[in-house]
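*Asks:* can't give you the sequence, but here's the structure:
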């Protein structure tokens, strides 16, 4: 069995070493939870370990069928459990845990496909400009990560707000031209742009803040 790790490389199983054990009374338990068998529960660790042991192989199999690649499946399964470790949840049943993991897996697959499509498109553009300076591996990673973040930001905007933002920032259109294209007033275009800019600021602020634990 693959030992789960956090994004920093710390073993997931050892993350709570040193925590004091206690009986996990009154907490919902999932099928496969070690504490459900009468073992002493370590808060935030034993329920997660039980969940991992009960569902990891199943999740890898599910992802492998969707992706057709064992390495990608193993990577995304790890990502799913790291996400669950960082934002703990309790499940009342075996089926409930798998339903949640299935939804997380679907989202991770979509993200992977989008990222690879963005990377493929960028490499095609780069290849089409033979006179361009070849970026280093580090520069490629930075550029691609920026493109992934821009894509995620744009997808989170309402359609007309996203279109107005792209027309202004990418195509260099003025507000009157954008208004004519979208069939709205100049004032509405200004609102769209303000909304897009505010969204960028909030997104950047959220990225700088630590993720809350549920």
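*Replies:* Received, thanks. In this text the structure is predicted, and so the values were computed from the model without any measurement.
*Asks:* need phi/psi at residue 174.
*Replies:* With angles defined as degrees, to the nearest 10, residue 174 shows backbone torsions of phi -80, psi 170.
*Asks:* please report the distance of the residue nearest to it when sequence neighbours are not counted from residue 190.
*Replies:* Counting by Cβ to Cβ, 6 or more residues apart in numbering, the nearest residue to residue 174 once its immediate chain neighbours are dropped is residue 168, at 7.9 Å. C-beta coordinates here come from the backbone N, C-alpha and C atoms, glycine included. Residue 168 is 10 Å from residue 190, where distance means Cβ to Cβ, to the nearest Å.
*Asks:* how about the contacts made by residue 63?
*Replies:* Contacts for residue 63 (Cβ atoms under 8 Å, 6 or more residues apart in numbering) come out as 72, 73, 76, 77, 105, 108, 109.
*Asks:* where does the last one land on pLDDT?
*Replies:* This points to residue 109. Confidence per residue is given as pLDDT, and for residue 109 that number is 93.
*Asks:* in helices, which of the contacts of residue 63 fall?
*Replies:* Applying DSSP state H to the contacts of residue 63, the entries found in helices are 72, 73, 76, 77, 105, 108, 109.
*Asks:* scan those and report the most crowded one.
*Replies:* The residue in those with the most neighbours, by other Cβ atoms under 10 Å, is residue 77 (27 neighbours).
*Asks:* surely that residue meets residue 52?
*Replies:* No - proximity of residue 77 to residue 52 does not meet the contact threshold set by Cβ atoms under 8 Å, at 9.7 Å.
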